[in-house]
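Novice: generate coordinates for the sequence data below:
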Amino acid sequence: MKQRKIAGWVLAAAAALAALPATAQRDDGPILMPKKQPVKPAAATLLVLCDLACNWKLDGEAKGRIEAGGSAKATALPGQHQVIAATEDGADQLTQMCEAKTGAQTAVNIALQPVRDARLKAEQDARDRAAQAARDKAAQEARDKAAREQKEKEQRERAEAEARARVPRTLKGHTNKINSIAFSPNGRVLASSSVDNTIKLWDAVSGQLLRSIQGQDLFFAIALSPDGRTLASGSYNKTIQLWDATNGRLLRAFKGHGAPVLSVAFSPDGRTLASGSADKTIKLWDMGNGQLLHTLQGHGDYVRSLAFSPDGHTLASGGDARIMLWDSASGQLLRALQDHDSGVVAVAFSPDGHTLASSGLDKTIRLWDVDGGRLPRTLQGHDGWVESVAFSPDGRTVASGSGDGVIELWDAVSGQLVSTLKSHESGVNSVAFSPDGRNLASGSDDKTIKLWDISGIGK
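Specialist: Numbering: from 1, shown residues only. Now for the predicted structure:
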């Protein structure tokens, strides 16, 4: 019972102080507590008042100095012992002193246990932090290594893609410059038209010539219907001719323009055909009955390029230095976009219909915000007229072909140049992406078609 009472008082009297050596005074002589240097104040110095346990007692002044972190040597009071200021390091001596007087070892050990627990916890926490830091460092090093390896892999893949693209397949057969090319919707057939008065259909995989269509006059433009079964051509003889793409048979001819037909385009549903002419007009034709639906007027120069929006509601036309946007159902002019310094040669919608690319005789490509009519950016890099533009099927890349004989691939979002393709010996008049976006076809004044493997470029 006595020991439990002592332990309670000792625990109640324990307090954390700065670690300092202290001198205890007994009536039979001084007892010096063991010194441990340096003792950090955080070691939680234990002040034990054993008034009843050991008959040691601090006077008020000495107690105040010790609790404030100082040292004290109190004067002995009659018949009493005075002070014990102990850390865990002094536990043994303190235990011996108390044992010698009262046998209160248990009380002292109980009083010191919180100090020991705190120290052990602090040491374990330090070990845990060090182990966690080591794990974090190892994990970061692993992430850095994986990132480096991924970057190196991407660089190798880009280099390999660039190497593949630099060696295109060449399709030969035309005897004069090629004006226009187009892929079939399934990507298996590539059509090309030339001023040699022929349209040729090629196997887009093997590069083999499938058939040749002989015309009465030179061809300026071609387009394949959305189902791939009909091919439309615009020619010098002012007519639009419709051909069976499977056998090359002439199906029908539309007449009405007063000058050569320079551009043709099918609506996405295949029900309407648009034609643009050197007579500065655009005509919309009903593919069902061949009737003329509308004649659109407004350009002050040749209408060199046409493109329907993906939803079919809007038709874009490029002619003079302007791009005009028309309501394809009513034929009404919606908006005119003007920023080019000279004639617009090509126009193309992005797959989502929100961006329109245009190119022209000022050697630039412009990317327009269709909804607001704003001009987001101008792409410059060609040394010649930019004769053709096309969006990749995923909308991420714009291809441009120029009179300088170079094809350039641009990031459609940032406007940064991604890659430059060189193989043609003279101007590039037309570029077209395959439906899967893995290949790009180009037709040139050098009488050849190039099939470029662009898979991996810009990825």
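Novice: residue ranges in this protein under the pLDDT threshold?
Specialist: For the chain, the stretches with pLDDT under 70 are 1-116, 161-167, 373, 376, 458-459.
Novice: can you tell me how far Phe308 is from Ser233?
Specialist: Distance of Phe308 to Ser233, given as CB to CB, to the nearest Å: 17 Å. (C-beta placed from N, C-alpha, C; glycine too.)
Novice: so which of the two has more stuff around it?
Specialist: Ser233 (24 against 21; other CB atoms under 10 Å).
Novice: for that one, what are its contacts?
Specialist: Neighbour list for Ser233: Ser193, Ile199, Gly215, Phe219, Ala221, Ile222, Ile240, Gln241, Trp243, Val264 [criterion: CB atoms under 8 Å, 6 or more residues apart in numbering].
Novice: could you point out which element follows the helix or strand hosting Arg335?
Specialist: Using DSSP states H and E, Arg335 sits within strand 333-338. Using DSSP H and E, the helix or strand that follows strand 333-338 towards the C-terminus is strand 344-349.
Novice: next helix or strand past the lengthiest helix in the chain?
Specialist: The longest helix of the chain (DSSP state H) is helix 105-165. Toward the C-terminus, helix 105-165 is succeeded by strand 169-172 as the next helix or strand (DSSP H and E).
Novice: so for that following strand, what gets flagged as buried?
Specialist: Leu171 (16 or more other CB atoms under 10 Å).
Novice: sort out which residues of the strand holding Arg335 are buried, please.
Specialist: Buried, per 16+ other CB under 10 Å, within strand 333-338: Leu334, Leu337.
Novice: then stretch 350-368?
Specialist: 350, 353, 355-368.
Novice: with stretch 215-230 instead?
Specialist: Buried, per 16+ other CB under 10 Å, within stretch 215-230: Gly215, Leu218, Phe219, Phe220, Ala221, Ile222, Ala223, Leu224, Ser225, Gly228, Thr230.
Novice: wait, the fourth one sits on Ile178?
Specialist: No. Phe220 sits out of contact with Ile178 when judged by CB atoms under 8 Å, with a separation of 11.0 Å.
Novice: what sits in contact with each of the two?
Specialist: Taking CB under 8 Å, 6+ apart as the contact rule, Phe220 and Ile178 both touch Ser193.
Novice: between the contacts of Ser233, which sits nearest Gly288?
Specialist: Minimum distance to Gly288 across those is 15.1 Å, recorded for Ile240 (CB to CB).
Novice: so what strands line up beside the strand holding Arg335?
Specialist: strand 322-327 (antiparallel) (DSSP bridges).
Novice: quick one: buried residues of the strand it pairs with?
Specialist: By neighbour count on 16+ other CB under 10 Å, the buried set for strand 322-327 is Arg322, Ile323, Met324, Leu325, Trp326.
Novice: now for those, which pair is the farthest apart?
Specialist: Longest span within the buried residues of strand 322-327, CB to CB: Arg322 and Trp326, 12.3 Å.
Novice: show me what the longest helix of the chain is packed up against.
Specialist: Applying 3 or more CB pairs under 8 Å, 6 or more residues apart in numbering; DSSP states H and E, one finds that helix 105-165 contacts helix 2-13, strand 45-48, helix 91-101, strand 417-422, strand 448-453.
Novice: now do it against strand 417-422, angle only.
Specialist: 30 degrees (axes from the mean of the first three to the mean of the last three CA atoms, to 10 degrees).
Novice: circling back to that earlier point, farthest-separated two in the buried residues of stretch 215-230?
Specialist: Among the buried residues of stretch 215-230, Leu218 and Gly228 lie farthest apart (CB to CB), at 24.5 Å.
Novice: circling back to that earlier point, list the contacts of the strand holding Arg335.
Specialist: 296, 298, 314, 321-327, 356, 358, 368, 373, 375.
Novice: and stretch 246-261, end to end?
Specialist: One end of stretch 246-261 to the other measures 24 Å (CA to CA, to the nearest Å).
Novice: list of residues touching that stretch?
Specialist: In contact with stretch 246-261 (CB under 8 Å, 6+ apart) are residues 201, 211-213, 220-221, 229-230, 234-244, 273, 275-279, 281, 283, 285, 290, 292, 295.
Novice: got the buried residues for that stretch?
Specialist: Neighbour counts over stretch 246-261 (16+ other CB under 10 Å) mark Gly248, Phe254, Gly256, His257, Pro260, Val261 as buried.
Novice: send me stretch 449-459 as CSV with only the CA atoms.
Specialist: Listed in CSV are the C-alpha atoms of stretch 449-459, where the atom choice follows Å, rounded to 0.1, in the frame of the first residue of the first chain:
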residue,chain,number,x,y,z
ILE,A,449,1.8,9.6,-106.5
LYS,A,450,3.6,9.0,-103.2
LEU,A,451,2.2,6.8,-100.5
TRP,A,452,3.7,7.8,-97.1
ASP,A,453,3.6,5.6,-94.0
ILE,A,454,3.0,8.3,-91.3
SER,A,455,2.0,5.9,-88.5
GLY,A,456,3.7,7.0,-85.4
ILE,A,457,4.6,10.5,-86.6
GLY,A,458,3.4,13.1,-84.1
LYS,A,459,2.2,10.5,-81.6
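Novice: other residues contacting that stretch?
Specialist: By CB under 8 Å, 6+ apart, stretch 449-459 touches 154, 157-158, 160-162, 164-165, 168-171, 174, 178, 181, 190, 192, 202, 204, 207, 396-397, 407, 409, 411, 418-419, 421, 423-424, 437-444.
Novice: and for stretch 391-400?
Specialist: The contact list for stretch 391-400, computed with CB under 8 Å, 6+ apart, reads 348-352, 355, 357, 359, 365, 367, 379, 382, 386, 388-390, 407-413, 418, 431, 433, 435-437, 440, 458.
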